[in-house]
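K.L.:
coordinates for the following, if possible.
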Amino acid sequence: MVVAGGIALLAAAIFLPLLFTWYRGRAAGIGVSLREVIEMRLMKINAAMVIDTAIRARDVGLQVDLKALGTHFFSGGSIDAVVDGLIAARREGLVLTWQTATALDLAGRDVVVAVRAV
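P.N.:
Residues are numbered from 1 along each chain as shown. Below is the predicted model:
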């Protein structure tokens, strides 16, 4: 009985944060499935950060793909910096594509500073 309780506690410790992240994304209107959240976890992608960044982008009217956010995070980029740059470009009335913003970030440039320099 003690072993079963320990296993149940371990399973809850692993899956409850994933369920909470999934629920937060669904409640905010981000089309994320529980499978996608689990895949991010298995790929060592911070699913909570990806979901939070997608929510922030959606709140200002940007449409960003969760897979693109996860891919950029996985490649070592800063998804916060890219979304901040896209938001800054939108406020300045500039057209900045996801590909350009991620390329700037992976090249080591600050995307917001690059947008303001234009």
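
K.L.:
next structured bit after the lengthiest helix in the chain?
P.N.:
Counting by DSSP state H, the longest helix found in the chain is helix 2-27. Counting by DSSP states H and E, the next helix or strand C-terminal to helix 2-27 is helix 34-42.

K.L.:
elements contacting that following helix?
P.N.:
On a contact count with 3 or more Cβ pairs under 8 Å, 6 or more residues apart in numbering; DSSP states H and E, helix 34-42 meets helix 2-27, helix 47-59. C-beta: built from backbone N, CA, C; applies to glycine.

K.L.:
can I get the last one in PDB? Just the C-alpha atoms.
P.N.:
Extracted as PDB, the C-alpha positions of helix 47-59 are listed here (Å, rounded to 0.1, in the frame of the first residue of the first chain):
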ATOM      1  CA  ALA A  47       6.300  24.400 -21.800                       C
ATOM      2  CA  ALA A  48       5.100  27.000 -19.200                       C
ATOM      3  CA  MET A  49       7.400  29.600 -20.700                       C
ATOM      4  CA  VAL A  50       6.200  28.800 -24.300                       C
ATOM      5  CA  ILE A  51       2.600  28.900 -23.200                       C
ATOM      6  CA  ASP A  52       3.000  32.200 -21.300                       C
ATOM      7  CA  THR A  53       4.900  33.800 -24.200                       C
ATOM      8  CA  ALA A  54       2.100  32.700 -26.600                       C
ATOM      9  CA  ILE A  55      -0.500  34.200 -24.300                       C
ATOM     10  CA  ARG A  56       1.400  37.500 -24.100                       C
ATOM     11  CA  ALA A  57       1.700  37.600 -27.900                       C
ATOM     12  CA  ARG A  58      -2.000  36.800 -28.400                       C
ATOM     13  CA  ASP A  59      -3.000  39.500 -25.900                       C
END
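
K.L.:
now the lowest-mean-pLDDT helix or strand in the chain: how far from the chain's centre is it?
P.N.:
Ranking every helix and strand in the chain by mean pLDDT, DSSP states H and E puts helix 2-27 at the bottom, with a mean of 86. In terms of Cα atoms, centre = their mean, to the nearest Å, the centre of helix 2-27 is set 20 Å apart from its chain centre.
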